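In: 3D model of this:
(one chain, ligands or ions: 1)
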Amino acid sequence: MKNFKELCQMRRSVRGYTGQPVSDDDVQYIMECVRLAPSAVNRQPWRFLRLKPEQLPLAQQCYKNPWFQTAPECFIVCCDHSESWHRPQDGKDHGDVDIAICAEHFCLAAAERGLATCWVCNFDAALCRRLFHLPDALEPVVFLPLGHEAADHQPRPFSRKDVEDLWL
Ligand SMILES: Cc1cc2nc3c(=O)[nH]c(=O)nc-3n(C[C@H](O)[C@H](O)[C@H](O)COP(=O)(O)O)c2cc1C
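Out: Model prediction:
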């Protein structure tokens, strides 16, 4: 069992996958971790699309990077803005915050299982809405490819601010 810091260090963005499928048992475990995520006023406004193999080309139209085509699985994490909490004082919608937390649970749970992921937000959201027939209230926030890291994958150099540089 890794400690939390080791798990955080293990999780890197992976941009190259083998064709090996992901087991339903792993997906079930990851989704159990997702459902434990906290959310504002416990609204849990997340909705997940697990793409069928024949739907992967639709996601690839929305995010055209060649490495993305190597992922055997892709999940589209959507926010239901009719469920997310809007702060009464100023109306700020906290749906993005909630989605970020549950998506990172997904990535860390995948890393624990020896699987690889990458956050992908640089996709064509309007096209995604059209191709997947998403109702207006559902915003596609992040694509999460999932799979086994390719043997020749080179992670980008690791770079983070030092703790001392985080304080205001
Ligand atoms: C909100 C968010 C959006 C991101 N969108 C993309 C993306 O569209 N394409 C991509 O290749 N990486 C994307 N990334 C991955 C980041 O580039 C990566 O997390 C960062 O460079 C740190 O590297 P690491 O994840 O390997 O630690 C995104 C990450 C986050 C948190």
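In: any idea how far residue 128 lies from the ligand?
Out: Separation of residue 128 from the ligand (Cβ to the nearest ligand atom, to the nearest Å): 13 Å. Where C-beta positions appear, they are placed from N, C-alpha and C, glycine not excepted.
In: what strand or helix carries that residue?
Out: helix 125-131 (DSSP states H and E).
In: who are the packing partners of that helix?
Out: Applying 3 or more Cβ pairs under 8 Å, 6 or more residues apart in numbering; DSSP states H and E, one finds that helix 125-131 makes contact with helix 56-62, strand 138-147.
In: convert stretch 89-102 to CSV, retaining C-alpha atoms only.
Out: What follows is stretch 89-102 as a C-alpha-only set of coordinates in CSV (Å, rounded to 0.1, in the frame of the first residue of the first chain):
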residue,chain,number,x,y,z
GLN,A,89,-24.4,35.6,-2.3
ASP,A,90,-23.0,36.0,-5.8
GLY,A,91,-24.4,33.1,-7.9
LYS,A,92,-21.0,31.4,-8.4
ASP,A,93,-21.5,28.0,-9.8
HIS,A,94,-19.4,25.4,-8.0
GLY,A,95,-19.9,22.6,-10.5
ASP,A,96,-16.4,22.9,-12.0
VAL,A,97,-14.9,22.6,-8.5
ASP,A,98,-16.9,19.4,-7.9
ILE,A,99,-16.0,17.9,-11.2
ALA,A,100,-12.3,18.6,-10.7
ILE,A,101,-12.4,16.8,-7.3
CYS,A,102,-14.2,13.7,-8.7
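In: need the CA coordinates for stretch 48-56. PDB is fine.
Out: Coordinates of each C-alpha in stretch 48-56 appear next as PDB, following Å, rounded to 0.1, in the frame of the first residue of the first chain:
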ATOM      1  CA  PHE A  48     -19.900  10.100 -16.500                       C
ATOM      2  CA  LEU A  49     -20.100   8.800 -20.100                       C
ATOM      3  CA  ARG A  50     -18.000   5.600 -20.500                       C
ATOM      4  CA  LEU A  51     -17.600   5.500 -24.300                       C
ATOM      5  CA  LYS A  52     -18.200   2.300 -26.200                       C
ATOM      6  CA  PRO A  53     -15.400   1.400 -28.600                       C
ATOM      7  CA  GLU A  54     -17.400   2.600 -31.500                       C
ATOM      8  CA  GLN A  55     -17.900   6.000 -29.800                       C
ATOM      9  CA  LEU A  56     -14.100   6.600 -29.400                       C
END
